[in-house]
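Trainee: What follows is a predicted protein model with its sequence.
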Amino acid sequence: MNDAKELTAGKRIKKLRLEKRYTREQLAYLADISDKFLYEIESGKKGFSAVTLMKLSKALNVSMDYIMAGKDMKSSEDGIVATLEQFKPNTLENVERLIKIAYELTKINE
């Protein structure tokens with residue numbers, strides 16, 4: 001997906017959908033949007049909200065950054081892994097607890 005940076009967000013969404021062999025109807029269902037709206041996004045006829053972006057990124061299992069800017073899908077995961085690898089093994093349990101607490105706090109604020 002090296003050429004992804006040259007594509008529009010809608011074209012990246014369509015490319016990902018086709019790579020995952022989803023029909024437009026299937027992806028629309030997974031993202032909880034209409035297939036007509038998905039068509040309009042893919043063809044560049046309509047923009048979309050942050051909420052729709054989040055739904056599409058979850059349905060396609062990619063980062064929102066990737067959809068919007070074509071940034072490498074693995075870059076954020078690699079950064080997290082690299083950060084975790086810096087911790088000593090005996091502190092990783094505490095880091096895991098903190099991450100779980102942070103996750104729970106984000107669920108409260110949604």
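Mentor: Yep, that arrived.

Trainee: Could you use CA atoms for every contact and neighbour count after this?
Mentor: Fine.

Trainee: Poorly predicted segments of the protein, please.
Mentor: When residues are selected by pLDDT under 70, those of the chain lie in 1-5, 72-77, 109-110.

Trainee: next one: stretch 91-101 to chain centre, how far?
Mentor: In terms of CA atoms, centre = their mean, to the nearest Å, the centre of stretch 91-101 is set 24 Å apart from its chain centre.

Trainee: Go ahead and name everything in contact with that stretch.
Mentor: Leu84 (CA atoms under 8 Å, 6 or more residues apart in numbering).

Trainee: With stretch 30-42 instead?
Mentor: Contact with stretch 30-42 is made by 9-11, 13-14, 24-25, 27-29, 46-48, 52, 55-56, 58-59, as judged by CA under 8 Å, 6+ apart.

Trainee: In that stretch, which residues are buried?
Mentor: Neighbour counts over stretch 30-42 (16 or more other CA atoms under 10 Å) mark Ala31, Asp35, Phe37, Leu38, Tyr39, Ile41, Glu42 as buried.

Trainee: still on that earlier bit, out of the contacts of stretch 30-42, which sit inside helices?
Mentor: Residues from the contacts of stretch 30-42 lying in helices, with DSSP state H as the criterion: 9-11, 13-14, 24-25, 27-29, 52, 55-56, 58-59.

Trainee: from the residues you listed, which is closest to Glu104?
Mentor: Proximity of the ones in helices among the contacts of stretch 30-42 to Glu104 was ranked by CA to CA; the top entry is Lys58 with 18.4 Å.

Trainee: any idea how far that closest one is from Asp32?
Mentor: From Lys58 over to Asp32 the distance is 11 Å, taken as CA to CA, to the nearest Å.

Trainee: All the helices of this protein, residue numbers only.
Mentor: With DSSP H as the criterion, the chain has helices at 9-19, 24-31, 35-42, 50-60, 64-69, 75-85, 92-108.

Trainee: tell me what the fourth one is packed against?
Mentor: Contacting helix 50-60 under the criterion 3 or more CA pairs under 8 Å, 6 or more residues apart in numbering; DSSP states H and E are the following elements: helix 9-19, helix 24-31, helix 64-69.

Trainee: Just give me how far it sits from the chain centre.
Mentor: The gap between where helix 50-60 is centred and where its chain is centred comes out at 6 Å by CA atoms, centre = their mean.
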